Structure formats: structure tokens, C-alpha cells
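Chemist: Return a 3D structure for these sequence lines:
(one chain, ligands or ions: 1)
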Amino acid sequence: MAGCRSWLLCLTVCAVSLLETNAEIKVTIPVGKLFTFELLRETFQNDFEPLSKLFAGRLYDDPVMFFKCNQKNFPDLPEWLRFTQRHPYDNGFLYGTPTAPGKTIIEIYAINKRSYEAARHILVIKATAEEMLPYQAEFFLKLREIEKVLPSSVQDEIKHDLQKLWDTEELEIINITNALDRGGRVPLPLAGHFEGVYVKVASKQYFSDCLLRVLTTEHEQQCTAGSKVKVPGECNFCSIPSNCITWCKTELFDLTKQATAPPAPPLGSGILEDGGDFNPPESPPSRDFFPDYIVTVIVPLILAIILCLLLAYIMFGRREGVTKRNAKTDQIQLYHHHTIHGNTDELRNMAGLRSSAPPLSTLPMFNSRTLDRAPLLRSDSPSIPLIMAQHDPYSDTLPRK
Ligand SMILES: *[C@@H]1O[C@H](CO)[C@@H](O)[C@H](O)[C@H]1NC(C)=O
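Modeler: Sure thing, here's the model as predicted:
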């Protein structure tokens, strides 16, 4: 029975892996426009199903699902593509703006954390070259989080508001960024605190008057002063409060002005012109170093010799007087030494006399209960043991004399 089941398992796994390799999605997108791809949990859940059916009755209807995405044969995603999934019960998103045309193969692994099933999908992104739209503007939505903005319905809402603000239908979202990726701070985990999202749009049409307000000095002053920016009613187009833009963080980019790049330097033939023979520069006039030598070597040497002679004269030439005085000091020291010796002897003698009848309590090893005492020893004798024999005065087992 068990063998049969593992056999069945193997068969199913093989079938699944066959299925997996076939799960390939192809998309073609223009360069410079925002690309969003939602990783739907249901799609991957279908891949898990054959295994789940095997363990009938243990079908989890809401698997804890994680996604792992990377460019094929690379450890991570390409630079322009980002992945986000807030919670294992939410869908994931791949989003970003391709910067160069070309084909990118993305591997998407979905892992069910409960049953350890995995599914692999392949996403082939083909980016085609397209002209850049010249007028671009970036808006900051303070009350948004990246996952809430990426679903296409929300993108359309935001685009709709901005179309009215720009006063044109020809508007494209070209980039959406999490404010945290641009140095934003993680918000407090409280209601009403959001990470914030940057939305960049572009159009062929020049900015509307409402947008050009951003460039006025009056607007700048209001923003630097931190006061609330007064936006005239006809420029306030946000229909949903969370889609309202932060005016002070709005930036306009006019690519037609930046397009005048400095002209490239003219290219030569690659061969240097013949400049004739090498002509070495004249060597500088020779210099006399003798005065320098005298100042730096001879003068200090003479000074050193003079000092040496002076020192020698003080040490040897005037020694006689010094010697006489020294002899006297020696005599005094000798006398001192002699008297110290004598005094010590005298003290030793006196101490020896005193030891004839010392008080009992001052003797070592005096037992106050039995009045026993160790045989009298000269305390300065080198043969005195540091610890006397270990007689326990309180034990009666030992025979006593
Ligand atoms: C989109 O925004 C991100 C983050 O600011 C930036 O790194 C990237 O270069 C932008 N892409 C384009 C095409 O502007």
C-alpha cells in the first residue's frame, strides 16, 4: 500500500514538473513605460492541486504562499525590475520600467509553506524600443502603499485624476516607486500612516497651467515655510482622498531642455602627429655647496669638540678638591654603619634577657583550658615550626599525660 502511494506520488511529481516547464508567459512591453505583473495566487494554487488531491481531505483552501523571483541563470532580478508581496496571503507584484530593449527571462517560484509544494513559472519579457515622452512629472502620494497602487484599476484611477490635472488624455505612467526605496522612513504601524508612493507620468503635451504653478516662487516660498499650499479649486482634481498628491513634492522634468547635450569632441585619425626630435631642457647652473657644508657640518662639529673639552676639564682638572670632600663623607658613612651594627647587637642581647620569664599568654601554643604549653623555644630560632603538632584540645579520645 505504502509502496503504491509513493509510486503514485512520484508519478504526480513528474507530471507536475512537466506541467511546470510548460507554464511560460510571454509579454511584450515598450521601453520607458511602467510594467506591472501580478502574481496571482490562484494560478499557482492550480499547480499545487494534483498533489493536494492525493491527500484527499487535507486540501488547504488558503495556502501560505511565498514567491521567489530571479532572472534566469542569475541570483536576483534585473536592476529595473522589483518584486513585492506584503503578506503570504496576498498576491505578489513584479513591477518596473525597462530602460533598454531586449529579452529578459524571469523565473518565478511559488512555495506553499504548509505543504512545501513548489511551482515554477517562466515569464518572458520582451522590451521594444520606443520614443521617450518629453514632458514628465513626478507626484508623491502620501497616503498610499506600493501594493495598493500597482493593481491596474488603481493605476487607472490615479491616471484619471492626473489626466484632468494635466488637461490631456495622452498621459502614461512611466514609473512607480516605493518611497522606502528612495530614502523614505518606515511608518509607524498605526492606522493612517503609510509608506508613500512616487508616481511618474509623461506626456507629449506641455504642462498645464495648474502644473506650472509648481515652478512659481510663491509656491516655493509656501513649501519652504512649511505652510499649507493653497491650491485653487480648479486645480484640485483628486476624487479619492488617498490618491491626492503632495504638492510640495511635485517635480516637473522638461526633457526638451535637457536634450541639448554638449557636442561630442571631434575624433582624430588615432595617430599622433610627428613633432620632431626630443629636445631636452637646459640643465640648471651648477651650485657651490661649500658654504652649506661648513654651516651644516663643520660648525656643529667644532662646537661639539669645545663642549667635550669643557666637560673633560670639569671632570678631571678640578678633581682634587672633590676627592678630599668625598673621603670625609665616606668616613662618616662608615661610622654610621658601625653604630647601626652595635645598636642592633645591643637590642638583640636585651631581647634575649627578657625571654627568661615572659607572660604565659604571650607564648605560642598556650592552651588556656589545660594550661599546657609547648616547650619553650627561642622565638628567633630558625628551627621553630610554623605549625605545631595538631593536638585537638577538645577531644578526649587522645590519652593525656
Ligand atoms: C524608476 O524609479 C526608480 C527608483 O527611483 C529608479 O531607480 C529608476 O531608474 C526609475 N526608472 C526610470 C526608467 O526612470
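
Chemist: who in the protein is up against the ligand?
Modeler: Neighbours of the ligand within the chain, by Cβ under 6 Å from any ligand atom: 97, 99, 175, 177, 181-182. All C-beta atoms are positioned from the backbone trio N, CA, C, and that covers glycine.

Chemist: Can you check my assumption that Leu309 lies in a strand?
Modeler: No: under DSSP: H, G, I helix; E, B strand; the rest coil, Leu309 falls outside any strand and is assigned helix.

Chemist: ok, it - how many residues close by?
Modeler: Leu309 has 10 neighbouring residues, counting by other Cβ atoms under 10 Å.

Chemist: before we move on, what about the one 5 residues further on?
Modeler: For Ile314, the tally of surrounding residues (other Cβ under 10 Å) stands at 10.

Chemist: Poorly predicted segments of this protein, please.
Modeler: The model of the chain has pLDDT under 70 over residues 1-22, 49-61, 259-260, 318-330, 354-401.

Chemist: Please, where are all the helices along it?
Modeler: Counting by DSSP state H, the chain has helices at residues 2-22, 41-54, 146-149, 152-166, 209-212, 217-225, 255-258, 290-293, 299-312, 319-354.

Chemist: circling back: could you turn the buried ones of the residues of the chain next to the ligand into a PyMOL selection?
Modeler: This is how PyMOL selects the buried members of these, with burial counted by 16 or more other Cβ atoms under 10 Å:
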select buried, resi 97+175+177
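
Chemist: List the ones among the residues of the chain next to the ligand that fall in strands.
Modeler: Judged by DSSP state E, those include 175, 177 as members of strands.

Chemist: Among the residues of the chain next to the ligand, give me the pair with the biggest separation.
Modeler: The largest separation in the residues of the chain next to the ligand, counting by Cβ to Cβ, is between Thr99 and Arg182 at 17.1 Å.

Chemist: what's the neighbour count on His337?
Modeler: The criterion is other Cβ under 10 Å. On that basis, His337 has 10 neighbouring residues.

Chemist: Would you check how far apart it and the ligand are?
Modeler: According to Cβ to the nearest ligand atom, to the nearest Å, His337 and the ligand sit 93 Å apart.

Chemist: Same check on Gln205?
Modeler: Going from Gln205 to the ligand by Cβ to the nearest ligand atom gives 20 Å.

Chemist: Touching, that residue and Tyr135? I think so.
Modeler: Yes: between Gln205 and Tyr135 there is a contact under Cβ atoms under 8 Å: 6.8 Å.

Chemist: out of these two, which sits in the busier spot?
Modeler: Tyr135 (20 against 14).

Chemist: Just grab the bridge partners of that one for me.
Modeler: Tyr135 has these beta-bridge partners by DSSP bridges: Ser203, Asp254.

Chemist: Renumber starting at 812 from here on
Modeler: Taking 812 as the first residue, the last one we looked at is Tyr946.

Chemist: tell me the contacts of the residue of the stretch 812-961 of the chain found nearest the ligand?
Modeler: Per Cβ to the nearest ligand atom, Thr908 is where the stretch 812-961 of the chain lies closest to the ligand, at 3.7 Å. By Cβ atoms under 8 Å, 6 or more residues apart in numbering, the residues touching Thr908 are 843-846, 891, 985-986.

Chemist: Strands along the stretch 862-1011 of the chain, start to end?
Modeler: 876-882, 892-895, 903-907, 913-923, 929-939, 946-952, 983-989, 1008-1014 (DSSP state E, counting those that start in this stretch).

Chemist: can you list the domains in this protein?
Modeler: Split into domains by automatic domain parsing, the chain comes to 829-939, 946-1065.

Chemist: what residues are up against Pro874?
Modeler: Pro874 is in contact with 852, 856, 859, 923-926, counting by Cβ under 8 Å, 6+ apart.

Chemist: what's the closest of those residues to Thr1035?
Modeler: Nearest to Thr1035 among these, counting by Cβ to Cβ, is Arg852 at 46.3 Å.

Chemist: Ala929 touches Lys879, doesn't it?
Modeler: No: checked against Cβ under 8 Å, the pair Ala929 and Lys879 is beyond contact range at 9.1 Å.

Chemist: Those two - which one has more neighbours?
Modeler: Ranked by neighbour count (other Cβ under 10 Å), Ala929 and Lys879 place Ala929 first, with 17 against 13.
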